[in-house]
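**Student:** What shape does this take:
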Amino acid sequence: MDPHLLRTFVAVARLASFSGAARELGYTQSAVSQHIAALEGDLGAPLLTRRPVVPTEAGERLLEHAGPLLLRLEAARADVARIAAAPGQGLTLALTPTAFGPHVLAALPRAGVTLRVLPRAEIPAAVATGAADLGLVDGAAAPSDPLPLPDVAPLTAHGVAQEPVCVLLPAAHPLARRPGLRLGDLADALWLDAPQAGLPTAELSAAFGGRALRTALRYDGTDLRVLTALAAAGRGLALLPHSVAADVPGAAAVVLVEPRLVHRTELVYAGTPRGAAARAVDVLLGRG
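**Tutor:** Numbering: from 1, shown residues only. The predicted structure is shown next:
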């Protein structure tokens with residue numbers, strides 16, 4: 001299966017338009033039509049209806065395979081290029097807002113650093129495809145348990161930090177003076193859903209036996225100050241690592257004691273890091 005044809009198919013299916021895919025990919029519309037026809041001929045099945053442009057049942061199944069296949073190809077290209085290239089002096093680090101801390105700051109070179117704040121699910125792919133030299137993925141997990149990472153490419157992961165998970169609530173909240181909170185204490189609470197800034201409420205829901213948590217407000221940004229201000233103002237509870245939740249003005253951070261979870265941060269990289277990336281890895285893993 002020709003990956004160029006597969007990329008064209010994915011673009012047409014995503015945009016629901018042959019002309020739109022042609023503009024995005026820099027092809028003529030005729031070339032896009034030829035690509036789709038060639039791919040359909042290779043697989044022996046129609047993949048798209050034309051009016052409207054919608055994937056057929058076979059096309060839907062191919063789309064399920066296409067993303068991982070194309071990502072693996074990009075990862076293989078990046079892996080080979082990484083080996084062939086001279087060690088770089090710069091460093092691109094992909095991370096979430098809650099993964100940053102003093103241990104990260106100590107590992108960064110004095111110059112040539114790019115920090116890319118990405119959604120958790122996108123960080124392994126960014127590392128695999130060479131968009132980032134290193135990644136820091138974080139989330140809530142049982143103590144000492146590794147985080148589940150998508151199988152996008154051969155990647156190495158090491159735990160680099162672990163701390164308590166806290167519920168951030170207004171200082172005047174009736175539960176604010178508790179030494180610890182059980183999730184059962186918060187069964188009727190309203191939460192802030194901030195998947196790109198705080199710890200996703202889906203992780204807490206999964207630890208609560210799949211019970212859905214009631215959401216008061218969804219925040220799609222990455223600014224932790226906005227999230228903590230919303231929690232302090234009583235717009236909903238937030239789940240955050242202790243280092244972020246502690247000392248927020250007008251709010252109280254109470255450790256979640258049941259279920260027993262920790263905020264875990266893992267370093268992710270591909271191959272053998274070199275140059276600035278290798279030095280950062282040594283610092284983060286306590287080897288330098």
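**Student:** For the stretch 101-250 of the chain, which segments count as helices?
**Tutor:** Assigned by DSSP state H, counting those that start in this stretch, the stretch 101-250 of the chain shows helices spanning 102-107, 123-128, 201-207, 224-232, 242-245.
**Student:** just how off-centre is whichever helix or strand comes after the last one within its chain?
**Tutor:** Right, helix 242-245. Sequence-wise, the next helix or strand downstream of helix 242-245 (DSSP states H and E) is strand 251-258. Counting by CA atoms, centre = their mean, to the nearest Å, strand 251-258 is centred 25 Å from the centre of its parent chain.
**Student:** ok, strand 251-258: who's next to it in the sheet?
**Tutor:** strand 155-170 (antiparallel), strand 181-182 (parallel) (DSSP bridges).
**Student:** now the helices of the stretch 101-250 of the chain in TSV, with mean pLDDT, mean neighbour count and distance to residue 176?
**Tutor:** Quick note: C-beta positions are derived from backbone N, CA and C, even for glycine. Shown next, in TSV, are the helices of the stretch 101-250 of the chain (pLDDT from 0 to 100; neighbours: other CB atoms under 10 Å; distance: least, CB to CB, whole Å):
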stretch	mean pLDDT	mean neighbour count	distance to residue 176
helix 102-107	93	15	27
helix 123-128	95	26	33
helix 201-207	72	18	19
helix 224-232	96	20	11
helix 242-245	94	21	12
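**Student:** Can you tell me which of these is nearest to residue 34?
**Tutor:** Closest of the helices of the stretch 101-250 of the chain to residue 34 is helix 123-128, at 29.6 Å (criterion: CB to CB).
**Student:** Could you point out which of the strands paired with strand 251-258 sits nearest residue 110?
**Tutor:** Closest among the strands paired with strand 251-258, using CB to CB: strand 155-170, at 20.6 Å.
**Student:** then that closest one to CSV, C-alphas only?
**Tutor:** Backbone C-alpha positions of strand 155-170 (Å, rounded to 0.1, in the frame of the first residue of the first chain) are rendered in CSV as follows:
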residue,chain,number,x,y,z
LEU,A,155,9.9,4.6,23.0
THR,A,156,11.7,4.5,26.3
ALA,A,157,9.9,5.8,29.4
HIS,A,158,11.2,6.5,32.9
GLY,A,159,9.4,7.8,35.9
VAL,A,160,11.0,11.1,37.0
ALA,A,161,8.6,12.5,39.7
GLN,A,162,5.7,11.4,41.9
GLU,A,163,3.7,13.5,44.3
PRO,A,164,0.2,13.5,46.0
VAL,A,165,-2.9,14.4,44.1
CYS,A,166,-5.0,17.1,45.6
VAL,A,167,-8.5,18.4,45.2
LEU,A,168,-8.5,22.2,44.9
LEU,A,169,-11.6,23.9,46.4
PRO,A,170,-12.5,27.3,47.7
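**Student:** what about that strand, distance to the chain center?
**Tutor:** 14 Å.
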